[in-house]
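In: generate coordinates for the sequence data below:
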Amino acid sequence: MEDIRTLLNLVYILSAVAFILGFKLMGRPTTARQGNFISAMGMGAAVVATLLFPEVVRYTYLTVGLVVGAVIGALFAYRTPMTGMPQMVGLLNGFGGAASLLVAWAEFVARPQQPIYQGVIIWLTVLIGTVTLSGSLVAWAKLEERFIPTKPVLYPGQRVVSVAILAAILAGGIWFALDTSAPTALQALGGVTALAFALGILLVIPIGGADMPVVISLLNSYSGMAACASGFIIQNNLLIVSGALVGASGIILTLIMCKAMNRSVANVVLGGFGADSTGKAQEVFGEIKPIKSDEAYLLLEAANSVVIVPGYGMAVSQAQHAVRELMEAMEKNGTEVRFAIHPVAGRMPGHMNVLLAEANISYDALVEMDAINPTMDTVDVCIVIGANDVVNPAALEDKSSPLWGMPIIEAHRARTVIVMKRSMGKGFAGVENPLFFRNNTRMLFGDAKASLQALVSEFKGAN
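Out: Model (predicted):
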C-alpha cells in the first residue's frame with residue numbers, strides 16, 4: 001500500500017514539473033503548442049494517479065462525471081466559434097470556481113467537526129469560488145451582450161455596498177470557523193455563499209466592456225486560487241501546486257495587461273470606465289473619406305511596407321484566412337507585411353494571436369506594440385481591421401478622453417491608413433475615434449472578410 005502511495009506521489013511530482021515546463025513553453029508563441037501538450041499530458045497523468053489512490057473505492061459517479069463532462073466540453077469546443085472564445089473562457093473560469101465551491105461544501109457536509117484553521121480554509125474556498133462563479137457569469141453576459149449591457153452599470157453607494165457585503169462575509173466566516181459543528185454553522189456558511197455570489201456580481205457589473213480582457217484574466221487567477229484553497233481542504237499537494245500556478249500566472253498576466261493600458265488593477269476593479277464618456281472628450285472634427293476596394297488595391301500595390309492591425313472586428317467576420325491570403329499576395333508583390341498586436345486587442349488575452357495562428361500566419365510576422373511604434377513613420381500603409389480603441393489617437397492627444405494615457409498602436413503616424421469597418425460605430429469602450437477623420441485615413445466600409453477577399457481578387461487579377 002505504501003509503495004503504491006509513493007509511486008503515485010512520484011507521478012504527482014512529475015505532473016507538477018510538466019505544468020511548470022508547460023507554463024514556461026507557453027510564454028513564447030513558437031513553443032506554445034508544445035507547452036500546452038506537455039501540460040495536458042501532466043494533467044492526464046495526475047487524473048489517472050488520483051483515481052488509483054486507495055481512498056477511491058467507488059468509480060460509478062466518477063465515471064458518469066467524466067463521460068458527461070467530456071461530452072459537454074467537446075460540444076462546447078466544437079460549437080463555439082472563435083468570436084465566442086472569450087465568453088467560453090469566462091464560463092470555464094466560473095466552472096472552476098464552482099468546482100472548488102462544491103469541494104468545500106462537500107467537505108463540510110461530510111465532516112462538520114473541523115478545526116479552526118480548516119474552517120477558515122473552507123470559508124476562504126467558498127468565498128473565492130463563489131465570487132469567481134458569479135463574476136464569470138456576469139463577464140460572460142457582458143461579452144455575449146445578453147441580459148447585461150456591456151457598459152458599466154453604476155449605482156449610488158456602489159463601493160459602500162461592496163465593502164458592507166465584504167464585512168458581512170468576514171463576520172460570517174469568523175462565526176463559521178470558530179465552531180463548524182454548531183447548529184448555526186450551516187446557516188453561516190450558506191449566508192457567506194449567498195453574499196459572495198452577490199459580491200461577485202457587484203464587482204463585475206461596474207466594469208466596462210473595454211476592460212473585459214483584464215477581467216477574464218483576473219477571474220482566471222481567482223479560479224486558480226480557489227483550486228489551491230480546495231487542495232488544502234482535501235490535502236492534495238498537486239491541486240495546491242497547480243492552483244497556485246494558475247493563480248500566480250493569472251495575476252502576472254493581469255498586471256501585464258494593466259500596464260499595457262496604463263492603468264492599475266484597482267482602477268479596473270473599481271470599474272466605471274467608459275460609463276459616461278459622452279461630452280467629456282473633445283469634439284471630433286473632420287471629413288470621412290471613403291475608399292473602394294480597387295482604390296485601396298492601388299495603394300497596397302505601390303506600398304513597400306504594410307502593417308496590419310487586427311481587432312475584434314476581424315474575429316466577428318472570421319476574416320483571418322482572408323488576411324493571410326492578402327498577406328501572401330502582397331509579399332509576392334515584394335511588400336514587407338507585418339502584424340501589430342496590441343496586448344488587449346479583442347476580448348480576451350491573446351485573442352488576436354490565436355486567430356492569426358489558426359490561419360497559419362507565421363509568428364515571425366507578429367510584432368508587439370512597443371516594437372512597431374518606433375517604425376510607424378516609415379510604414380506606407382497601415383490596415384486597421386475591426387480595431388478601434390487600440391488605435392485611438394485620443395489616448396495620446398486628448399486629456400479629457402477616458403482613453404487618455406493608454407498606450408496604443410500609433411497607426412495614425414503611417415503615411416496612409418486604411419480602416420476596415422462595417423460602420424462608423426464606436427469601439428467597445430464607447431469612445432469616438434478621431435483617427436477616422438484624419439487626412440491620411442481612408443475608410444473601407446463593409447464586411448472585413450468580403451473587403452479582404454476583394455483586395456485579394458484585385459491582386460490575382462493583376463497577375
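In: tell me where the stretch 201-350 of the chain has strands.
Out: Remark: strands of the stretch 201-350 of the chain, listed N- to C-terminal, are 305-310, 336-341; assignment by DSSP state E, counting those that start in this stretch.
In: okay, the nearest residue to residue 205 once chain neighbours are set aside: pLDDT?
Out: Leaving out its chain neighbours, the residue that sits closest to residue 205 by CB to CB, 6 or more residues apart in numbering is residue 153, at 4.2 Å. Every C-beta, even on glycine, is put in place using the N, C-alpha and C of the backbone. For residue 153, the model assigns a pLDDT of 79.
In: how much space between residue 153 and residue 378?
Out: Separation of residue 153 from residue 378 (CB to CB, to the nearest Å) stands at 44 Å.
In: higher neighbour count, those two?
Out: Legend: neighbour count by other CB atoms under 10 Å for residue 153 and residue 378, higher for residue 153 (20 against 12).
In: is it true that that one touches residue 206?
Out: Yes. With contact defined as CB atoms under 8 Å, residue 153 reaches residue 206; the gap is 6.2 Å.
In: does the residue nearest to residue 205 belong to a helix or a strand, and which?
Out: Secondary structure here is read from DSSP states H and E; on that basis residue 153 sits in neither a helix nor a strand.
In: roughly how far does it sit from residue 435?
Out: In this structure, residue 153 and residue 435 are 29 Å apart, going by CB to CB.
In: per-domain residue ranges of the chain.
Out: Using automatic domain parsing, the domain ranges for the chain come out as 1-74, 87-276, 293-462.
In: could you dump these into a markdown table with distance to residue 287 added?
Out: Written out in a markdown table, the entries for the domains of the chain read as follows (distance: least, CB to CB, whole Å):
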| stretch | distance to residue 287 |
| --- | --- |
| domain 1-74 | 40 |
| domain 87-276 | 26 |
| domain 293-462 | 7 |
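In: where does pLDDT dip in the stretch 101-250 of the chain?
Out: Applying pLDDT under 70 to the stretch 101-250 of the chain flags residues 209-210.
In: switch the cut-off to 90
Out: Per-residue confidence for the stretch 101-250 of the chain (pLDDT under 90) gives these ranges: 107, 109-118, 138-163, 177-185, 202-220, 234-239, 241-242, 245-246, 248-250.
In: helices of that one, residue ranges please.
Out: Using DSSP state H, counting those that start in this stretch, the helices assigned to the stretch 101-250 of the chain run over residues 116-144, 158-178, 185-204, 212-234, 237-260.
In: which stretch among those helices comes nearest residue 107?
Out: Ranking the helices of the stretch 101-250 of the chain by proximity to residue 107 (CB to CB) places helix 212-234 first, at 5.0 Å.
In: got the angle for that closest one vs helix 185-204?
Out: On the basis of axes from the mean of the first three to the mean of the last three CA atoms, to 10 degrees, helix 212-234 is oriented at 160 degrees to helix 185-204.
In: now for helix 212-234, which elements pack on it?
Out: Other helices and strands packing on helix 212-234, by 3 or more CB pairs under 8 Å, 6 or more residues apart in numbering; DSSP states H and E, are helix 85-110, helix 116-144, helix 237-260, helix 265-270.
In: single out the most deeply packed of those helices.
Out: helix 116-144 (a mean of 24; mean count of other CB atoms under 10 Å).
In: for it, name the packing helices and strands.
Out: Secondary-structure packing of helix 116-144 (3+ CB pairs under 8 Å, 6+ apart): helix 85-110, helix 158-178, helix 185-204, helix 212-234.
In: return the most buried member of those.
Out: Neighbour counts (mean count of other CB under 10 Å) averaged over each of the helices and strands packed on helix 116-144 peak at helix 212-234, with a mean of 25.
In: just how off-centre is it within its chain?
Out: Here the centre of mass of C-alpha atoms in helix 212-234, compared against the chain's by CA atoms, centre = their mean, to the nearest Å, lies 13 Å away.
In: could the helices and strands packed on helix 116-144 be laid out in CSV, adding distance to residue 258?
Out: Compiled in CSV, these are given as follows (distance: least, CB to CB, whole Å):
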stretch, distance to residue 258
helix 85-110, 18
helix 158-178, 19
helix 185-204, 16
helix 212-234, 6
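In: ok, which of the ones you listed comes nearest residue 457?
Out: Of all the helices and strands packed on helix 116-144, the one in closest proximity to residue 457, counting by CB to CB, is helix 85-110 (29.4 Å).
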